[in-house]
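In: Provide a 3D model corresponding to the input given below.
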Amino acid sequence: MYHDVTPAPVPGFEFYSVTHKAFGSQMRLLAWMGYSTISFDAYLERVSTGKPIPSRAVILTFDDGFESCIENAVPHLKRFGFSATFFVVPGLVGKGSRWLRDRLGVELPLAGWSRLRQLTEEGLECGAHGLTHSHLTELSADASRFEMTESKRILEEQLGRPVRHMAYPYGAYNTEVRSLAKEAAYSTVCAVRGGHSGAHDDRFALRRIVVSGCDSLLDFACRLQTAQPFGEFVRRKVRSAWSRRGASH
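Out: Below is the predicted model:
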């Protein structure tokens, strides 16, 4: 799970911004390690038919639809033949990330419809990310339903193709929101629960591995295997070892 890919992260949004150079190195590492990308539809087809998911298959996702992300990430995706899904906010397409202005004091340009149409023509996918990037668990059931159904409708109308996949804004969901997403006829919905998704994961709250602007290439490689950056992985191993040692005395 990525947010922005940019040459120069905006102050205040560094954690969510991976530099285009670091992203290129990460994609090169993916290819070198033998990873391949699959789509959400391919994932669902394998789950429904019982076919095993390849051990080195990944789905690359980008939340929000930042103009800079699309311009800087797509060339690297093309270079290695990788597919990806960009979760966009149709109510703000071509405008700015107003939700960041309110919460973090920064506002980034969002890609316009012509660029998103070009994206799909290039074989990449657009999914929904709420109509206005509202916190769905803070809304009434009717408002939450509208955010999900209207974002799907507008995307399908503007892009001329089915939109079956969504990511919860902020990763926020509860039992009611999950049920509404299913009611809105989405096939999968991504959350921000850290970890690997397999055949038995909840398809209306799929786990994802968050990639941050703070990650080194070693962190990225470690996340592929453990879903944790290297330092956190080592600390947990050390704490676990000390706990076992203490329990044995």
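In: Let me see the contact set for V10.
Out: D4, S17, V106, L108 (C-beta atoms under 8 Å, 6 or more residues apart in numbering). Backbone N, C-alpha and C define where each C-beta goes, glycine included.
In: surely T137 meets R178?
Out: No - assessed by C-beta atoms under 8 Å, T137 is found out of contact with R178, at 10.2 Å.
In: mind giving me the domain ranges of this structure?
Out: For the chain, automatic domain parsing gives the domain ranges 4-214, 215-249.
In: max-length strand in this protein?
Out: Counting residues, the longest strand found in the chain (DSSP state E) is strand 188-194.
In: Show me how far the next helix or strand after that strand is from its chain's centre.
Out: Helices and strands here follow DSSP states H and E; after strand 188-194, the next one along the chain is strand 206-208. Relative to its parent chain, strand 206-208 has a centroid offset of 9 Å by C-alpha atoms, centre = their mean, to the nearest Å.
In: still on that earlier bit, counting only strands, which of the contacts of V10 make the cut?
Out: Going by DSSP E, the strands hold D4, S17 from these.
In: show me where pLDDT drops low in this structure?
Out: The model of the chain has pLDDT under 70 over residues 240, 244-249.
In: can you give me the helices in it?
Out: Applying DSSP state H to the chain gives helices spanning 20-32, 40-49, 67-80, 98-103, 113-121, 141-159, 175-183, 217-226, 230-247.
In: buried stuff in the second one?
Out: By neighbour count, and taking 16 or more other C-beta atoms under 10 Å as the criterion, the buried residues in helix 40-49 are F40, A42, Y43, R46, V47.
In: Tell me the one of those nearest F80?
Out: A42 (17.4 Å; C-beta to C-beta).
In: Against R208, how distant is the closest one?
Out: The spacing between A42 and R208, counted by C-beta to C-beta, to the nearest Å, is 17 Å.
In: One more: H3?
Out: 12 Å.
In: Identify the residues contacting the residue lying closest to M1 once chain neighbours are set aside.
Out: The shortest distance from M1 to any non-neighbouring residue, by C-beta to C-beta, 6 or more residues apart in numbering, is to R208 (4.0 Å). Applying C-beta under 8 Å, 6+ apart, we find R208 in contact with M1, T61, C190, A191, V192, R193, G194, G195, S197.
In: Please name the residues that touch S243.
Out: S243 touches nothing, counting by C-beta under 8 Å, 6+ apart.
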